[in-house]
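Engineer: Fold the following, please.
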Amino acid sequence: VVKEFVARVKEKAIGEAVWQSLTPGQLVIKFVRDELVELMGGTNQKIQLASQPPTIIMMVGLHGQGKTTSTGKLALHLKESGRKPLLVACDVYRPAAITQLEVLGKQIGMPVFQEGTETPPVKIVEDALAFASSNGRDVLLIDTAGRLHVDDALMSELTDIKDRVKPHETLLVLDALMGQDAVNIAQQFNEKVGVDGIILTKLDGDSRGGAALSVKAVTGKPIKFVGTGEKLTALEPFHPDRLISRILGMGDVLTMIEKAEAAMTEEQAHELERKIRAQEFDLQDFLDQLEQVRKMGPIQELLGMIPGLSAAPQLKNLQVDEKQFTRIGAIIKSMTPKERHNPDLLNASRKRRIAAGSGVQVEDVNRLLKQYEMTRQMMKKLTGGMGGGPAGKGKKKGKRRFKIPFPF
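Structural biologist: Below you'll find the model as predicted:
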C-alpha cells in the first residue's frame, strides 16, 4: 500500500509547476493530502436503505471492539434521521450482552427484541423480522455474537444468519487502536462472511487513522462511520477528507461546525449574536452557552479540529479539566435569577452562600467573576462600534452587566 501510494504521489509531483502562492514543500503536502483522500474512498459512503422496509443491518466483529455500543449509537443516528430502528439481541453467549443492549435501548428510547439465551440466533432474527413488520419498525439492527478471535464456529453462525435473512448491510466494527491487527481481522471477515462497510471505533484516542488507511486500501470496503467517544451521540459519518486533515494536523472545521449546528439552532445563534451586540449577555446566557458547548463533545477534541491548534506544541500534552465546567455551572446555578442578570449584587455574604451551595470556595466564585470582568472589558472593545455606538455615549447610565468568559 505504501509503495503504491508513494509512487502515485511521485508521479503527480515530478514535473508539476510550483504555484506562485505555494512553496514546493506545501505543494507536496497538497499532493499527499489529495492522494490520501482518494485512497480512503474520496467521499462519504452512506448506508444503503432498502426500497421496501425494513432495512436489515447486521453488526459483526470480535469481543472488545465496541460492537454492541456501536449498535446503540447507530440506532440513535438512524432515529435522528427519521427512522424507526429495532435493536435485536443475538449475542446469546457473552454474559450480560442482552442486558447491555437493553440498557442502551432504554437510554435512547428504542425497543429491543430478545428471546433469551436458549433460542438459536437465526430463529431470533426471523422472529424479530416478523415483529418489525407488524410494529412499523423500518430498520433492524442485529447485534450478533463475537469471539476473542476469528474461528469457524463464529463464521458459521454469521453465515447462517446472513443466508437466512439476507441483510442489506453487513457492518464490521473495528478498534482503531489495533493497528495492523485490524487489517487482518477485516480481511478474514470479508473473505468468510462478506462485509459491506466498516465502523471504526476509538478514533478519539491516540490513533490518528493508520488503521483507517490500511483497512480501506486492503479490503476495498468503505468506512461508513467512526466512533469518537463514549457517549451514544459520539458516532460520526465518515468523511475521508476530514480524517486526512486531522492526520496531517490541518484540523477539521466542517465537523466542528456540524457539531455546533447540532447543539444550537439558528434562532438561538441569532439571539446570541443580538445579545452580544447589545451588550446584554448575562450569567444565565453564559450558562446556557456552556451547556451547548459541552453537548459538542470533549473540549480536547474540539481544539484538535481547529486548524493549527492540533499540531501546536503548547497543546501537545494539554489536559483539559472537564470538571472545571461542572464547577462553573454549579456556581451559576447557585445564584438567584436576579444575581445571574446583575452580578453587581454579589456582596460578600451572597458569595459565601453561593460557594456553600455549589460546594466550592469563595475564591472560586471570585475567580469566575474576575473572568467576567476581564471579558466584559474585551467585549466592550470588540462591540464598541456595533449596535448603536460605543458604550457610554448617548445612553442612560444603567447597571453594569458582565459578559461571556471563556474559561478554556
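
Engineer: Shouldn't Ala145 be within a strand?
Structural biologist: No: under the criterion used here (DSSP: H, G, I helix; E, B strand; the rest coil), Ala145 is coil, not part of a strand.

Engineer: Show the contacting residues for it.
Structural biologist: With C-beta atoms under 8 Å, 6 or more residues apart in numbering as the criterion, the residues that contact Ala145 are 90-94, 97, 121, 154, 157. For glycine as for every other residue, the C-beta is placed from the backbone atoms N, C-alpha and C.

Engineer: if I look at it, how far off is Val92?
Structural biologist: In this structure, Ala145 and Val92 are 7 Å apart, going by C-beta to C-beta, to the nearest Å.

Engineer: list residues touching both of the two?
Structural biologist: Both Ala145 and Val92 are contacted by Pro121, under the criterion C-beta under 8 Å, 6+ apart.

Engineer: how long is stretch 35-52 from one end to the other?
Structural biologist: Across stretch 35-52, the terminal residues are separated by 38 Å (C-alpha to C-alpha, to the nearest Å).

Engineer: May I see the buried residues of that stretch?
Structural biologist: With burial defined by 16 or more other C-beta atoms under 10 Å, the residues of stretch 35-52 counted as buried are 35-37, 39-41, 44-45, 47, 49.

Engineer: who touches that stretch?
Structural biologist: Outside stretch 35-52, the residues touching it (C-beta under 8 Å, 6+ apart) are 1, 5, 8-9, 12, 55-57, 78, 139, 168-169, 196-197, 212-213, 216-217, 222-224, 237-241, 243-244, 247-248.

Engineer: mind listing what's buried in stretch 157-164?
Structural biologist: When neighbours are counted by 16+ other C-beta under 10 Å, the buried residues of stretch 157-164 are found to be 157-158, 161-162.

Engineer: Then stretch 60-67?
Structural biologist: Residues of stretch 60-67 classed as buried under the neighbour-count rule (16+ other C-beta under 10 Å) are 60-62, 65-67.

Engineer: Between which two of those is the distance greatest?
Structural biologist: Greatest spacing in the buried residues of stretch 60-67, by C-beta to C-beta: Val60 and Gly66 (12.5 Å).

Engineer: list residues touching both of the two?
Structural biologist: Residues touching both Val60 and Gly66 (C-beta under 8 Å, 6+ apart): Val173.

Engineer: just to revisit the earlier point, tabulate the buried residues of stretch 35-52 (TSV), appending pLDDT and secondary structure.
Structural biologist: As requested, the buried residues of stretch 35-52 are exported to TSV (pLDDT from 0 to 100; DSSP: H, G, I helix; E, B strand; the rest coil):
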residue	pLDDT	secondary structure
Glu35	85	helix
Leu36	84	helix
Val37	82	helix
Leu39	79	helix
Met40	77	coil
Gly41	75	coil
Asn44	76	coil
Gln45	80	coil
Ile47	83	coil
Leu49	82	coil
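
Engineer: quick one on the thing from earlier: quick check: ChimeraX command selecting the buried ones in the contacts of stretch 35-52.
Structural biologist: Command for ChimeraX that selects the buried part of these, burial taken from 16+ other C-beta under 10 Å:
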select :5,9,12,55,56,57,78,139,168,169,196,197,212,213,216,217,222,223,224,237,238,239,240,241,243,244,247,248
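
Engineer: Mind checking which of the contacts of stretch 35-52 are in strands?
Structural biologist: Within the contacts of stretch 35-52, residues falling in strands by DSSP state E are 55-57, 139, 169, 197, 223-224, 237.

Engineer: Now flag whichever of the residues you listed is closest to Arg352.
Structural biologist: Taking C-beta to C-beta as the measure, Pro237 is the one of the ones in strands among the contacts of stretch 35-52 closest to Arg352, at 49.6 Å.

Engineer: Save the buried residues of stretch 157-164 as JSON lines, and put in pLDDT and secondary structure too.
Structural biologist: Formatted as JSON lines, the entries for these read as follows, by pLDDT from 0 to 100; three-state DSSP:
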{"residue": "Glu157", "pLDDT": "90", "secondary structure": "helix"}
{"residue": "Leu158", "pLDDT": "91", "secondary structure": "helix"}
{"residue": "Ile161", "pLDDT": "91", "secondary structure": "helix"}
{"residue": "Lys162", "pLDDT": "91", "secondary structure": "helix"}
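
Engineer: Which residue is the nearest non-sequential neighbour of Pro337?
Structural biologist: Gln284 (7.1 Å; C-beta to C-beta, 6 or more residues apart in numbering).

Engineer: re the thing from before, with the buried residues of stretch 35-52 in mind, which one is nearest to Leu174?
Structural biologist: Nearest to Leu174 among these, counting by C-beta to C-beta, is Met40 at 14.6 Å.

Engineer: which element is Leu200 on?
Structural biologist: With the criterion set as DSSP states H and E, the secondary-structure element containing Leu200 is strand 197-201.

Engineer: er, Gly329 I mean
Structural biologist: Gly329 is part of helix 323-333, with elements assigned from DSSP H and E.
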